[in-house]
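*Asks:* After the sequence you'll find the predicted model.
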Amino acid sequence: MVLIGPGGVGKGTLAQRLVASDDQLWLSRSWTTRPRRSTEKGEEYVFVERQDFERAIDDDRFLEWAEFHGNLYGTPVPTPDPGQDVLLEIEVQGAEQVRRQHPGAVVFLILPPSMVRLEERLRERGDSDEHVAKRLSSTPYELSKGHDLATYVVVNDDLERATGEILSILEELRRPRRDPLEKD
């Protein structure tokens with residue numbers, strides 16, 4: 001299961017809520033070379049130096065990776081416990097790579113309630129004016145690619161509602177695994 005969407009849309013918060021609400025979900029923790037934001041606790045990513053990231057690329061340790069706004073982001077090859085579903089919170093370039101390797105991956109495009117609210121969220125998390133402008137300039141591309149990749153589209157206008165919507169979809173997707181002989 002993959003969560004994608006523009007920066008500031010709330011993918012990280014949604015991912016944390018989903019994992020807290022569903023013990024069958026295993027959240028993969030991505031690596032990045034970008035500096036940690038002052039508003040981050042440090043557990044959002046594995047923050048690494050560029051040379052360490054590049055060494056991991058050379059060692060084929062990533063399921064997917066991409067460079068985005070001058071920083072590297074990547075998902076290590078997942079190692080969930082048996083019976084758990086992998087949850088990825090990644091950029092659209094990474095989702096394209098995951099889809100090529102796993103065509104059946106379920107991709108959720110997370111949308112903001114509005115562009116105004118998206119900009120507010122970016123500012124609330126402590127991003128500089130320059131970074132906010134850069135993120136907003138890439139949003140149309142991310143949304144266009146996201147719509148092409150998405151299995152489902154969820155508007156993150158209310159965290160509880162959006163979490164519940166995704167959990168309901170997951171429950172429906174899991175039903176055939178639980179009840180393989182059950183007919184529609």
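*Replies:* Arrived safely, thanks for sending. Numbers count the residues shown, from 1 in each chain.

*Asks:* how distant is stretch 86-100 from the center of its chain?
*Replies:* 7 Å (Cα atoms, centre = their mean, to the nearest Å).

*Asks:* Tell me the pLDDT of the closest residue to Gln101 other than its chain neighbours.
*Replies:* Spatial nearest neighbour of Gln101, chain neighbours left out: Leu63 (7.2 Å); criterion: Cβ to Cβ, 6 or more residues apart in numbering. For glycine as for every other residue, the C-beta is placed from the backbone atoms N, C-alpha and C. At Leu63, the pLDDT value in this model is 95.

*Asks:* Quick one: neighbours of Leu63, just the number.
*Replies:* 19 (other Cβ atoms under 10 Å).

*Asks:* Would you check how far apart it and Val98 are?
*Replies:* 7 Å (Cβ to Cβ, to the nearest Å).

*Asks:* any common contacting residues for those two?
*Replies:* Thr75, Leu88 (Cβ atoms under 8 Å, 6 or more residues apart in numbering).

*Asks:* follow-up on the earlier one: how about the residue nearest to Gln101, secondary structure?
*Replies:* Following DSSP: H, G, I helix; E, B strand; the rest coil, we place Leu63 in the strand state.
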